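**Student:** Fold the following for me, if possible:
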Amino acid sequence: MAGMSKFADIDIDPGIIKRAARGDARAHEIIYRAFSAPVYSICLRFTKVPAHAEDLTQETFIEIMRSIAKFRGEAALGSWIRRIAVTKALMFLRSAWTKRGQLLADDWHDVTEGDALSHGVSRHPDDALDLDAALASLSDVSRAVVWLHDVEGFTHKEIAGFMGKSESFSKSQLSRAYQRLRPLLEVNEEDPQAEGAAISY
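**Tutor:** Sure thing, here's the model as predicted:
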């Protein structure tokens, strides 16, 4: 899985980052090799189209190399790169939504703030294998919110910022997604021996 842990586990020597900031091509290549797989994985998860994911991966690294001189090291390099990749993927989705005329309604007041936080989809990326199939059944917007919140660990405030929407929009998307996902995931939470019982009527 190339969730948050994959980015956090990649350690790049500060000297390489300094060389990259000065435009050193070899340092750029080292950073690209270290992070290209997890960046591609995030882009593919949002777009579901390998060609789009490849384009976004290239765009992400162009942005990284253009901006790395501004990287101050307050967070890990992986966290900074992950945020750029997520932003690029969401900008792509937003332009696709706009092209399709899918204006995102922001008037769902039927979900209370507590609702979105009270549902228990696993927060462990390793448990997300069954989630992949379930996520495929969601809209692009809902899938992005679930992935950002549950696997990548972003807050509703951060997700709202990425999407240019309100926190309540993010929370309501998450709540509605969980309502759809729960029946698909409940069978997987049963004891394997009890699986037959779980799906018999």
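**Student:** Please parse the protein into its domains.
**Tutor:** Following automatic domain parsing, the chain resolves into domains at 4-99, 113-188.
**Student:** mean pLDDT lowest for which of those?
**Tutor:** Here the lowest mean pLDDT among these goes to domain 113-188, at a mean of 72.
**Student:** Rebuild the domains of the chain as a markdown table, extending it with mean neighbour count.
**Tutor:** No exception for glycine: its C-beta is placed from N, CA and C like everyone else's. Formatted as a markdown table, the domains of the chain follow (neighbours: other C-beta atoms under 10 Å):
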| stretch | mean neighbour count |
| --- | --- |
| domain 4-99 | 16 |
| domain 113-188 | 18 |
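**Student:** so where do the strands sit in the protein?
**Tutor:** For the chain, no strands are identified by DSSP state E.
**Student:** Other residues contacting stretch 21-28?
**Tutor:** Contacts to stretch 21-28, defined as C-beta atoms under 8 Å, 6 or more residues apart in numbering, come from residues 16-17, 19-20, 65, 68-69, 71.
**Student:** Export the residues you listed to JSON lines and append columns for distance to P183.
**Tutor:** JSON lines is the format used below for the contacts of stretch 21-28 (distance: C-beta to C-beta, whole Å):
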{"residue": "I16", "distance to P183": "47"}
{"residue": "I17", "distance to P183": "46"}
{"residue": "R19", "distance to P183": "52"}
{"residue": "A20", "distance to P183": "47"}
{"residue": "M65", "distance to P183": "45"}
{"residue": "I68", "distance to P183": "45"}
{"residue": "A69", "distance to P183": "49"}
{"residue": "F71", "distance to P183": "44"}
